[in-house]
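Chemist: return a 3D structure for these sequence lines:
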Amino acid sequence: MKYYSTRDRSVRLDAAEAIEIGLSRDGGLLTPCEIPQIDEAFLDSLVHVRYQERAAKVMALYLTDYTEAELLTFAENAYGPEKYDTEAVAPVRTLDETTHCLELWHGPTSAFKDMALQMLPQLLSAALKKTGEDKTVCILVATSGDTGKAAMEGFADVPQTKIMVFYPKNGVSKVQETQMVTQDGANVGVCAVVGNFDDAQAGVKRIFSDTGIRETLAERGYFLSSANSINWGRILPQVVYYISAYCDLVRDGRIVMGDKVNFCVPTGNFGDILAAYYAKRMGLPVGKLICASNCNDVLTDFLRTGVYDRNRPFHNTMSPSMDILISSNLERLLFDLSGENDAQIREYMDALAQSGRYEVSDAIKAALAEQYWGGFCDEAGTSAAIAKYYKEYGYLIDTHTAVAASVMEQYRAATGDKTPTVFVSTASPYKFCDSVLTAIGETPVGDGVELLDQLHEKTGVAIPRRLAELKGKARRFDLTCEKPGMDKVVLDFLK
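Modeler: Numbering: from 1, shown residues only. You can find the predicted model right below:
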């Protein structure tokens, strides 16, 4: 299978090449030229197998220059017991007859980003061999909280790689920051950026498109790639867990094969819910895709009006991984809904860059209304959802999961839709102890990792092992820069 750019359909790359470079040189996102189709027989074959086998079979449909045996080995490495605290990898928790929660935080950094970022380094290492690349790849990452740590954890000490992570100063939780600045590995670097996530993301994209920087690094024996969800190697492993969740519901008798399910996904950069869209496009029986935002509700407004407008206040919230106003992966959706119209996508993205705003065609608006429902949840609603699910179900959820739970309930109230629904849990509650403790009626005593024990004592929920190990761990990184200084940080890191 070949991959082309959302901004230039004439680009044709093999999967290994697409994963290796991450972002097309024209600034577009690399996307498969066709969407493989699956049927009930394919799904039946996955119902009673392990998550690792499901991952290999689904990914093999897209990565035709990798063998299924290779992909199974990668999946065993990525999702094995030394990395994941449950054999199920991505278990589905049933709360009532029509409400289920897909838990994606059982990996080494206690966030859903592990599902892709334990796989991506292996795909990339194999890609370097397949393409005969002898330069060292430098992974540049902008993070709103979870991607940075998950990427560093995945790439730490991987041969022929270095990784530099930028995060918004004072824009992530204390636990998230501690995870990043204490990261082990001789090939990792971390820098706080004065500004918000969109500033960090824009800086990384600018570095990618700077010909002078690329030439300088090439002379030094480096080239740049991405571990953000602009890289297809990030999106594809996420497609797997929606298919896996469906198979689990069939296996456990919660639904019958062929029944539709809805998915409600908390998202800021649109990658996680885009993966659900691709699963649906492949033939997974999915009804509505419910897009859950926090106070940074640019996606909610877009799905309701067809107008994307980032010209609005930016809010720092208790669900910081969703504090985003420029949702990069929306570009892939628009490319698909426009009939792969690269000229139209260039027009939209140019307008976004110049004025911060664009309006899609009536045909795309109609397609959005048919596929999606958008809602948002404010800070009070987030706290209320955490309290409700803990009280009514004895189920402790984090702030991002709470946004999804709240928006799912809004959708049901607005539409009366009784379709079985899976809301997605993207992080352990222990990554956001202060907000979770406050929501369940406790007063946090201390800050950051000090609160892990308090939340455990109150709830009895086990502390994820890797988070418990943060207590007393030495800080390695203290670098801070302004947005224009990100170039120098990268060049200094790659001397």
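Chemist: pretty sure residue 3 contacts residue 16?
Modeler: No. In this structure residue 3 lies outside contact range of residue 16 using Cβ atoms under 8 Å: 9.9 Å. (C-beta placed from N, C-alpha, C; glycine too.)
Chemist: need the overlap of contacts for those two.
Modeler: Counting by Cβ atoms under 8 Å, 6 or more residues apart in numbering, residue 3 and residue 16 have no contacts in common.
Chemist: with adjacent residues omitted, what lies nearest to residue 44?
Modeler: residue 257 (6.7 Å; Cβ to Cβ, 6 or more residues apart in numbering).
Chemist: what about the helices in the stretch 351-495 of the chain?
Modeler: For the stretch 351-495 of the chain, applying DSSP state H, counting those that start in this stretch gives helices covering 362-371, 379-393, 399-415, 433-439, 451-459, 465-468, 486-493.
Chemist: now those helices in JSON lines, with mean pLDDT and distance to residue 156?
Modeler: Shown next, in JSON lines, are those (pLDDT from 0 to 100; distance: least, Cβ to Cβ, whole Å):
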{"stretch": "helix 362-371", "mean pLDDT": "98", "distance to residue 156": "38"}
{"stretch": "helix 379-393", "mean pLDDT": "98", "distance to residue 156": "32"}
{"stretch": "helix 399-415", "mean pLDDT": "98", "distance to residue 156": "25"}
{"stretch": "helix 433-439", "mean pLDDT": "97", "distance to residue 156": "25"}
{"stretch": "helix 451-459", "mean pLDDT": "97", "distance to residue 156": "22"}
{"stretch": "helix 465-468", "mean pLDDT": "94", "distance to residue 156": "13"}
{"stretch": "helix 486-493", "mean pLDDT": "97", "distance to residue 156": "15"}
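Chemist: what's the closest of these to residue 325?
Modeler: In terms of Cβ to Cβ, the element of the helices of the stretch 351-495 of the chain nearest to residue 325 is helix 399-415, at 16.0 Å.
Chemist: of the helices of the stretch 351-495 of the chain, which approaches residue 76 most closely?
Modeler: The nearest among the helices of the stretch 351-495 of the chain, by Cβ to Cβ, is helix 465-468 at 19.9 Å.
Chemist: so residue 164 is in which element?
Modeler: Using DSSP states H and E, residue 164 falls within strand 161-168.
Chemist: need the helices of the stretch 351-495 of the chain in CSV with mean neighbour count, can you?
Modeler: CSV is the format used below for those (neighbours: other Cβ atoms under 10 Å):
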stretch, mean neighbour count
helix 362-371, 15
helix 379-393, 18
helix 399-415, 24
helix 433-439, 24
helix 451-459, 17
helix 465-468, 15
helix 486-493, 17
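Chemist: residue contacts, the nearest residue to residue 241 once chain neighbours are set aside?
Modeler: In space, and not counting its chain neighbours, residue 241 is closest to residue 90: 4.5 Å by Cβ to Cβ, 6+ apart. Residue 90 makes contact with 51, 102-104, 106, 115, 241, 244-245 under the criterion Cβ under 8 Å, 6+ apart.
Chemist: and the gap between residue 90 and residue 447?
Modeler: Here residue 90 is placed at a distance of 31 Å from residue 447 (Cβ to Cβ, to the nearest Å).
Chemist: may I see the buried residues of stretch 58-68?
Modeler: For stretch 58-68, a neighbour-count test (16 or more other Cβ atoms under 10 Å) marks 58-63, 65-66 as buried.
Chemist: no wait, stretch 257-272
Modeler: Using 16+ other Cβ under 10 Å as the test for burial, stretch 257-272 gives 261-272.
Chemist: in strands, which of these fall?
Modeler: Residues of the buried residues of stretch 257-272 located in strands (DSSP state E): 261-266.
Chemist: who's in contact with stretch 387-399?
Modeler: Contact with stretch 387-399 is made by 93, 95, 101, 105, 317-319, 382, 385-386, 402, 405, 425-429, 431-432, 435-436, 439-441, 459, 461, as judged by Cβ under 8 Å, 6+ apart.
Chemist: CA atoms only: put it into PDB for me.
Modeler: The C-alpha coordinates for stretch 387-399 follow below in PDB (Å, rounded to 0.1, in the frame of the first residue of the first chain):
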ATOM      1  CA  ALA A 387     -17.700  12.300  41.600                       C
ATOM      2  CA  LYS A 388     -20.700  10.700  40.000                       C
ATOM      3  CA  TYR A 389     -18.800   7.700  38.500                       C
ATOM      4  CA  TYR A 390     -17.000   7.100  41.800                       C
ATOM      5  CA  LYS A 391     -20.200   7.300  43.800                       C
ATOM      6  CA  GLU A 392     -22.600   5.400  41.500                       C
ATOM      7  CA  TYR A 393     -20.200   2.800  40.000                       C
ATOM      8  CA  GLY A 394     -17.300   2.700  42.400                       C
ATOM      9  CA  TYR A 395     -15.200   3.600  39.400                       C
ATOM     10  CA  LEU A 396     -12.400   6.100  39.600                       C
ATOM     11  CA  ILE A 397     -11.700   8.000  36.400                       C
ATOM     12  CA  ASP A 398      -9.300  10.800  35.500                       C
ATOM     13  CA  THR A 399     -10.200  14.300  34.200                       C
END
